[in-house]
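1. after the sequence you'll find the predicted model.
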Amino acid sequence: MTAHNSFVLQSSGLSMSFGAFKVLEDINLDVTQGEIVGVLGPNGAGKTTFMNLLTGAYRPTHGRVNLMGRDVTGLPTAKRCHAGLGRTHQVPRPFGGMTVFENVLVAARQGNVSHGGDPVQLAWRVLEQTGLADVANRLARTLGLLDRKRLELSRALATDPQVLLLDEIGGGLTLTEGDHLIELIQSIHGQGVTIIWIEHIMRMLLGSCTRLICMAGGQIIADGAPRDVIEAPVVQSAYFGVAA
């Protein structure tokens with residue numbers, strides 16, 4: 001596959017097996033600059049494995065990953081981060097004995113700032129954007145769930161990503177907290193960051209995404225406008241258990 005100039009992230013024939021067990025099979029995805037792509041699917045659909053392949057945590061059995069037109073299939077996670085690919089994890093694991101600011105500064109020094117810029121200034125700018133500047137000197141282990149999610153997002157942003165992968169960042173939040181997080185993610189998108197967002201909370205995806213993908217059985221079974229995907233019989237069957 002030849003990368004189109006507007007495609008910032010692509011997977012081509014991406015497959016993953018653990019022994020004889022196929023987790024993903026022939027995943028083809030083209031993500032255009034400026035999209036917010038939601039990824040939906042039942043447990044065991046292969047969503048997090050797919051993200052781990054995109055970020056370099058796993059190597060695919062077959063297929064490849066392109067980032068900004070460059071084949072990064074053989075690159076480790078750190079080099080993909082330097083190239084502009086950031087991610088959050090489903091369970092935030094900050095350095096609990098470090099302050100909020102120190103956590104973000106570590107990310108800023110390890111990320112995409114090799115392209116230029118002061119990591120200290122970047123860390124402060126990110127904390128102001130995510131609403132954590134007022135707690136910058138607190139130890140990370142003292143934060144509540146919403147602020148831990150904000151810190152996880154802050155650490156990803158501090159790597160200065162062009163493409164940001166979110167792994168179920170809304171899990172465990174109240175409706176109000178979820179709304180605050182949606183506003184923050186939309187503000188990040190407004191700054192030109194392309195987002196791929198795995199989430200079980202459909203309300204969050206429908207309120208934010210420009211495109212929705214549904215996965216099941218290690219394959220993409222629907223891809224398109226969010227409402228069209230949700231109403232597709234194959235998605236109703238796979239995700240909601242409704243007879244097609």
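-> Looks like it came in fine.

2. please count neighbours and contacts with C-alpha atoms only from this point.
-> Will do.

3. strands of the chain, residue ranges please.
-> Counting by DSSP state E, the chain has strands at residues 7-18, 21-32, 36-40, 62-67, 70-71, 85-87, 163-167, 194-198, 211-216, 219-224.

4. could you dump the ones you listed to CSV with mean pLDDT, mean neighbour count and distance to residue 102?
-> Supplementary listing: the strands of the chain in CSV, determined by pLDDT from 0 to 100; neighbours: other Cα atoms under 10 Å; distance: least, Cα to Cα, whole Å:
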stretch, mean pLDDT, mean neighbour count, distance to residue 102
strand 7-18, 95, 20, 30
strand 21-32, 94, 18, 33
strand 36-40, 95, 26, 29
strand 62-67, 96, 20, 29
strand 70-71, 94, 14, 32
strand 85-87, 94, 27, 18
strand 163-167, 95, 25, 21
strand 194-198, 96, 26, 25
strand 211-216, 95, 23, 35
strand 219-224, 96, 19, 39
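
5. quick one, which of those is nearest to residue 152?
-> Proximity to residue 152 (Cα to Cα) singles out strand 85-87 among the strands of the chain, at 8.9 Å.

6. and the closest one, which strands flank it?
-> strand 163-167 (parallel) (DSSP bridges).

7. what does the partner strand rub up against?
-> 8-9, 48, 51, 84-90, 156-157, 193-199 (Cα atoms under 8 Å, 6 or more residues apart in numbering).

8. go again with 7 Å.
-> 84-90, 193-199 (Cα atoms under 7 Å, 6 or more residues apart in numbering).

9. center of the chain, which residue is that?
-> residue 165 (1.5 Å; Cα atoms, centre = their mean).

10. ok, back up a step: now tabulate the contacts of strand 163-167 in TSV and tack on distance to residue 134.
-> Below are the contacts of strand 163-167 laid out as TSV (distance: Cα to Cα, whole Å):
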residue	distance to residue 134
84	28
85	28
86	24
87	24
88	22
89	24
90	25
193	25
194	27
195	26
196	29
197	27
198	29
199	28
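
11. minimum distance to residue 105: which of the strands of the chain has it?
-> Evaluated over the strands of the chain, closeness to residue 105 peaks at strand 85-87, with 14.9 Å, by Cα to Cα.
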